[in-house]
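# just the structure for this:
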Amino acid sequence: MRLRIAIVFALVFGTLGIAAEPARRNVVLMIADDLGLDLGCYGNKAIKTPNIDAFSASSTRFTHAFACVASCSPSRSTLYTGQHTHSNGQYGLAHATHHFHTKANVPSLPKLLKPAGYRTGIIAKNHVIPKEVYPWDAEIAGNGRNVIQMAQQARTFIEDCGEKPFVLVLGYTDPHRAAKGFGQPIKGVPDVMYDPKSVEVPYHLPDQPEVRDDVADYYRSISRLDFGVGEMLRVLRETKHEQDTIVIFLSDNGRPFPGGKTTLYDSGVNLPLIIRAPGAKPSTTSAMASWIDIAPTILACANVKQPPAMIGKSLLPLLGGDSAEGWDEVFGSHQFHEITMYYPVRMLRTRTHKYLLNLAPQLEYPFASDIHGSASWQCVLTNKLPNLGQRTVEQFLHRPKEELYELTKDPNELKNVAADPANQQLLIEMRRRVRAWQEKTNDPWLIKYQHE
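This is a model prediction of the structure:
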């Protein structure tokens with residue numbers, strides 16, 4: 001096993017010989033905004049994503065990749081700091097009156113990469129503060145839906161780097177909701193339309209005409225994103241950086257619909273992750289990767305030592321292979337989305353089970369403003385529908401202190417078996433593991449609960 005990992009490292013970094021130091025690589029990190037597993041390469045037969053599908057075919061595709069939290073700013077902070085949100089302090093959204101911010105002493109990618117001689121940049125959506133923690137060399141403002149403009153900005157950034165290695169983040173806005181729908185067409189970007197009758201309605205939504213229209217608009221936004229990914233990859237080819245750059249594509253959280261974004265159910269956190277590294281063969285892995293593994297991965301690309309505060313692991317040894325040994329669990333936490341949306345949760349997800357500890361179960365589960373105003377949720381309210389897809393509205397809004405799901409039998413997390421006597425030993429073990437993780441990560445919400 002160790003020999004195979006060493007060989008993968010040699011291939012990924014383009015070097016041979018035990019004494020040789022791996023070559024430093026450039027990194028491009030493309031972050032979709034609110035994209036679930038709604039891509040052709042992840043099995044959606046109704047969506048048209050030819051560029052991402054082609055990219056996946058030449059890369060390592062992760063089938064079990066998980067965000068640590070299903071909210072924009074907190075999730076992005078985990079990508080850049082390698083810490084969970086309850087550790088780094090980015091408890092909720094950074095913008096407007098929400099104004100959550102990362103703790104001042106937290107190490108971040110731009111902080112760590114600058115002394116190593118890297119130039120760092122971020123285009124369009126940044127969504128984390130303060131600048132002192134995230135000192136990008138170039139913060140390039142722009143329309144995150146104008147993917148042609150973003151590719152042009154990326155080209156300029158890369159050309160300005162000259163011979164200097166770089167890490168560049170592209171913060172796309174698609175397929176996040178706009179004030180109405182999912183944004184307007186962009187000049188020069190193909191506007192792919194979808195028949196609402198042909199879309200795949202997720203299990204957590206009711207199959208209603210209004211919902212199908214909403215999903216079709218979401219697909220349209222995904223196709224715009226797909227074109228942008230193709231444009232960015234073309235920039236790498238044309239600037240002669242295709243063979244010295246590792247490209248990472250992922251999403252910050254799940255689809256922007258009730259039951260997806262802001263929840264720690266799989267629909268909110270099991271997301272696309274595709275990584276292409278020069279020299280690594282195309283592959284698919286079931287390794288359970290976490291977004292706290294992304295910062296260690298990028299540091300490994302730059303030969304920068306990972307600080308102790310980052311508890312994740314580099315994903316580089318997994319590229320080009322299908323082994324998932326030792327990658328069998330992920331943790332997650334949630335505190336806020338918007339400032340009014342307090343609902344703290346802790347999560348442990350294994351290959352067979354999901355455990356959720358709701359720290360304030362007396363509260364009704366809150367809605368993000370964009371999801372509350374969506375056609376999908378308004379359809380539920382207007383028609384007084386009892387079910388939110390396969391889950392009842394009551395189940396969604398009012399949750400017990402503990403949830404336990406047997407994913408091999410119940411992949412959609414619909415039947416809570418925490419109270420089943422047959423699961424009591426497993427429940428005790430899951431509690432123990434979550435508490436140990438909370439202690440390890442200095443969780444401020446670490447409270448001693450008396451369990452019956």
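
# show me what contacts residue 30?
169-170, 172, 229, 232, 247-250 (CB atoms under 8 Å, 6 or more residues apart in numbering). Where you see a C-beta, it was placed from the backbone N, CA and C, and this is true even at glycine.

# distance of it from residue 236?
11 Å (CB to CB, to the nearest Å).

# do residue 346 as well
39 Å.

# surely residue 410 is in a helix?
No. Counting by DSSP: H, G, I helix; E, B strand; the rest coil, residue 410 is not part of a helix but coil.

# near residue 225, how many other residues are there?
Neighbour count of residue 225, defined by other CB atoms under 10 Å: 28.

# that should have said residue 43, apologies.
11.

# same check, this time on residue 97
8.

# what do you get for residue 160?
13.

# specify the local secondary structure of it.
Per three-state DSSP, residue 160 ends up helix.

# how about residue 65, nearest residue that isn't a chain neighbour?
Using CB to CB, 6 or more residues apart in numbering and skipping the chain neighbours, the partner closest in space to residue 65 is residue 273 (3.4 Å).

# check residue 316 too.
That would be residue 300: by CB to CB, 6+ apart, it lies 5.2 Å from residue 316.

# and the one you found, how far from residue 98?
33 Å.

# tell me which of these two has more neighbours.
Neighbours per residue (other CB under 10 Å) separate residue 300 from residue 98, with residue 300 holding more: 23 against 17.

# adjacent strands (with direction) for the helix or strand hosting residue 405?
Following DSSP states H and E, one finds residue 405 within strand 402-406. Within its sheet, strand 402-406 is paired with strand 353-358 (antiparallel), according to DSSP bridges.

# so the nearest residue to residue 135 once chain neighbours are set aside: helix, strand or coil?
For residue 135, ignoring the flanking residues on the chain, the nearest one in space by CB to CB, 6+ apart is residue 110 at 5.1 Å. Classification of residue 110 using three-state DSSP returns helix.

# okay, residue 110: pLDDT?
pLDDT for residue 110: 98.

# do the same with the one 3 residues further on
Confidence per residue is given as pLDDT, and for residue 113 that number is 98.

# tally of neighbours for it?
Residue 113: 24 neighbours (other CB under 10 Å).

# list the contacts for it?
Counting by CB under 8 Å, 6+ apart, residue 113 has contacts 120, 167, 298-299, 302, 304.

# show me where the stretch 101-250 of the chain has helices.
109-113, 147-161, 209-238 (DSSP state H, counting those that start in this stretch).

# mind giving me the packing neighbours of the last one?
Which is helix 209-238. strand 26-32, helix 50-57, helix 147-161, strand 245-251, helix 375-382 (3 or more CB pairs under 8 Å, 6 or more residues apart in numbering; DSSP states H and E).

# now distance to residue 325 too, for the ones you listed, in CSV please.
Listed next are those as CSV, based on distance: least, CB to CB, whole Å:
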stretch, distance to residue 325
strand 26-32, 25
helix 50-57, 23
helix 147-161, 36
strand 245-251, 22
helix 375-382, 40
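
# reformat the ones you listed as TSV; add mean pLDDT and distance to residue 81.
Output for the helices and strands packed on helix 209-238, formatted as TSV (pLDDT from 0 to 100; distance: least, CB to CB, whole Å):
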stretch	mean pLDDT	distance to residue 81
strand 26-32	98	14
helix 50-57	98	26
helix 147-161	98	22
strand 245-251	98	16
helix 375-382	97	32
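
# please report how far residue 280 lies from residue 254.
Distance, residue 280 to residue 254, using CB to CB: 27 Å.

# so these two - more neighbours on which side?
Ranked by neighbour count (other CB under 10 Å), residue 280 and residue 254 place residue 254 first, with 28 against 22.

# least trustworthy helix or strand in the chain by mean pLDDT?
helix 2-13 (a mean of 45; mean pLDDT, DSSP states H and E).

# what pLDDT is listed against residue 224?
pLDDT for residue 224: 98.

# can you count the residues close to it?
A count of nearby residues for residue 224, using other CB under 10 Å, gives 24.

# which among the helices and strands packed on helix 209-238 is found nearest to residue 401?
For the helices and strands packed on helix 209-238, proximity to residue 401 was assessed by CB to CB; helix 375-382 is nearest, at 25.5 Å.

# elements contacting the closest one?
helix 209-238.

# give the buried residues for the helix it packs on.
210-233, 235-236 (16 or more other CB atoms under 10 Å).

# what do you get for stretch 379-386?
Applying 16+ other CB under 10 Å to stretch 379-386 flags 379-380 as buried.

# quick one: distance of it to the chain centre.
30 Å (CA atoms, centre = their mean, to the nearest Å).

# got the angle between the helix or strand residue 348 falls within and strand 353-358?
Element membership for residue 348 (DSSP H and E) is strand 345-350. Angle between the axes of strand 345-350 and strand 353-358 is 170 degrees (criterion: axes from the mean of the first three to the mean of the last three CA atoms, to 10 degrees).

# which helices and strands sit right next to strand 345-350?
Using 3+ CB pairs under 8 Å, 6+ apart: strand 345-350 touches helix 266-269, strand 329-334, strand 353-358, helix 424-440.

# try 10 Å
strand 60-66, helix 266-269, strand 283-290, strand 329-334, strand 353-358, strand 402-406, helix 424-440 (3 or more CB pairs under 10 Å, 6 or more residues apart in numbering; DSSP states H and E).

# can you list the strands that the fourth one pairs with?
By that I understand strand 329-334. strand 345-350 (antiparallel).

# how about the third one?
Sheet pairing here is set by DSSP bridges, and for strand 283-290 it gives strand 60-66 (parallel).

# please tell me how far the partner strand is from the chain's geometric centre.
Using CA atoms, centre = their mean, the offset of strand 60-66 from its chain centre is 11 Å.

# now the angle between strand 245-251 and it, please.
Going by the same axes, to 10 degrees, strand 60-66 makes 40 degrees with strand 245-251.

# about what we covered before: can you tell me the average pLDDT over the strand holding residue 405?
Here the average pLDDT along strand 402-406 is 98.

# repeat that for stretch 178-192.
Rounded mean pLDDT across stretch 178-192 is 94.

# for stretch 333-347, same thing?
Per-residue scores along stretch 333-347 average to 97.
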